[in-house]
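Q: following is a predicted model, sequence given first.
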Amino acid sequence: MKNINLYATVYDHLLEPSLKSLKRRVADFAKKYHSSAVLDLCSGTGMQCRMLGKKRIQTLGLDMDERMVSYARQKAPDIPFICADAGISPLKSGSISTIIISFALHDKPQALRTAIMLETKRLLSENGKIIIVDFENAWSKKSRWGYRLVYLIERMAGNEHFWNGRRFLKAGGLTGFLKEHNLTVIERYDSEKSCTAIVVAEWKNDE
Ligand SMILES: C[S@@+](CC[C@H](N)C(=O)[O-])C[C@H]1O[C@@H](n2cnc3c(N)ncnc32)[C@H](O)[C@@H]1O
């Protein structure tokens, strides 16, 4: 009997279409910064990896949810996806030139976010880049509409996810997070309609 992966299918059909343009921009950034080996941490349905694959960028997806991993593998059999915890991955230190973390910080408890950052630091090669996509507090009239929409969608994501997201925004959203982790921003794109930012960042050598 064919096993229909309801959770991943719903995510792919309901949410992914609205995230497509942001993910396209992430792939453009990865190309621009000459990313040779990209790891998408918390890769979900694998859509970001598929977009990178189309640009012939070598990509690996990692997610802890087996349903997401098997869905991603089904959709893109040529791209490797592993099922692992982003806070303690089985990957080699210094082996990745670019790490993408897309909508995968706000939903986590603070301790896991910190573990993911430590793991990211361990995995990145010298001069490695990190591309983060996540929510910001509203900064303009249009972004306040985006914020309201995000609030409604997040409310449907379950209590733990929702309240972690509220705490993430209270601590300053993506901008606050970058500051907390001493990340230097190289380039950013702000999306008012989703109250979100895409940031290309790095750790300076002495940090
Ligand atoms: C909101 S989704 C974002 C998915 C994707 N990055 C995107 O942009 O659509 C968060 C993802 O984090 C994954 N996740 C949650 N905890 C994790 C962990 N400890 N390690 C790896 N993945 C995790 C979930 O399974 C889910 O696919």
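A: Cool, got the structure.

Q: quick check: chain neighbours aside, which residue is closest to the closest residue to the ligand within the chain?
A: Distance from the ligand to each residue of the chain (CB to the nearest ligand atom) is smallest for residue 44, at 2.8 Å. Glycine gets a C-beta too; all of them are placed from N, C-alpha and C. Of all residues not flanking residue 44 in the chain, residue 68 sits nearest, at 5.3 Å (CB to CB, 6 or more residues apart in numbering).

Q: burial count for the one you found?
A: 23 (other CB atoms under 10 Å).

Q: from here on, call the first residue 33.
A: Fine by me, first position is 33 from now on; the one you just mentioned is residue 100.

Q: does the residue of the chain closest to the ligand sit in a helix, a strand or a coil?
A: Under DSSP: H, G, I helix; E, B strand; the rest coil, the three-state class of residue 76 is coil.

Q: now the residue nearest to residue 76: how far from residue 148?
A: Relative to residue 148, residue 100 is positioned 16 Å away (CB to CB, to the nearest Å).

Q: so residue 129 touches residue 68, yeah?
A: Yes - here residue 129 reaches residue 68: they are 5.0 Å apart, a contact under CB atoms under 8 Å.

Q: joint contacts of the two?
A: Counting by CB atoms under 8 Å, 6 or more residues apart in numbering, residue 129 and residue 68 have no shared contacts at all.

Q: more crowded one of those two?
A: Applying other CB under 10 Å to residue 129 and residue 68 shows that residue 129 carries more neighbours, namely 22 against 11.

Q: check contacts around the more buried one.
A: By CB under 8 Å, 6+ apart, residue 129 lies in contact with 66, 67, 68, 69, 70, 156, 157, 160, 161.

Q: which of those residues sit farthest apart?
A: 66 and 156 (14.3 Å; CB to CB).

Q: between these two, tell me which one has more neighbours.
A: residue 156 (21 against 10).

Q: and the lengthiest strand in the chain, which strands flank it?
A: Looking across the chain with DSSP state E, the single longest strand is strand 156-167. Sheet pairing of strand 156-167 (DSSP bridges) gives strand 128-134 (parallel), strand 228-234 (antiparallel).

Q: excluding its backbone neighbours, what's nearest residue 152?
A: In this structure, residue 152 finds its nearest non-sequential neighbour in residue 131, 5.1 Å apart by CB to CB, 6+ apart.

Q: tally of neighbours for the one you found?
A: The number of residues packed near residue 131 is 24, by other CB under 10 Å.

Q: surely it touches residue 162?
A: Yes - counting by CB under 8 Å, residue 162 is a contact partner of residue 131 at 5.1 Å.

Q: okay, and the common contacts of those two?
A: Counting by CB under 8 Å, 6+ apart, the contacts common to residue 131 and residue 162 are 152, 156.
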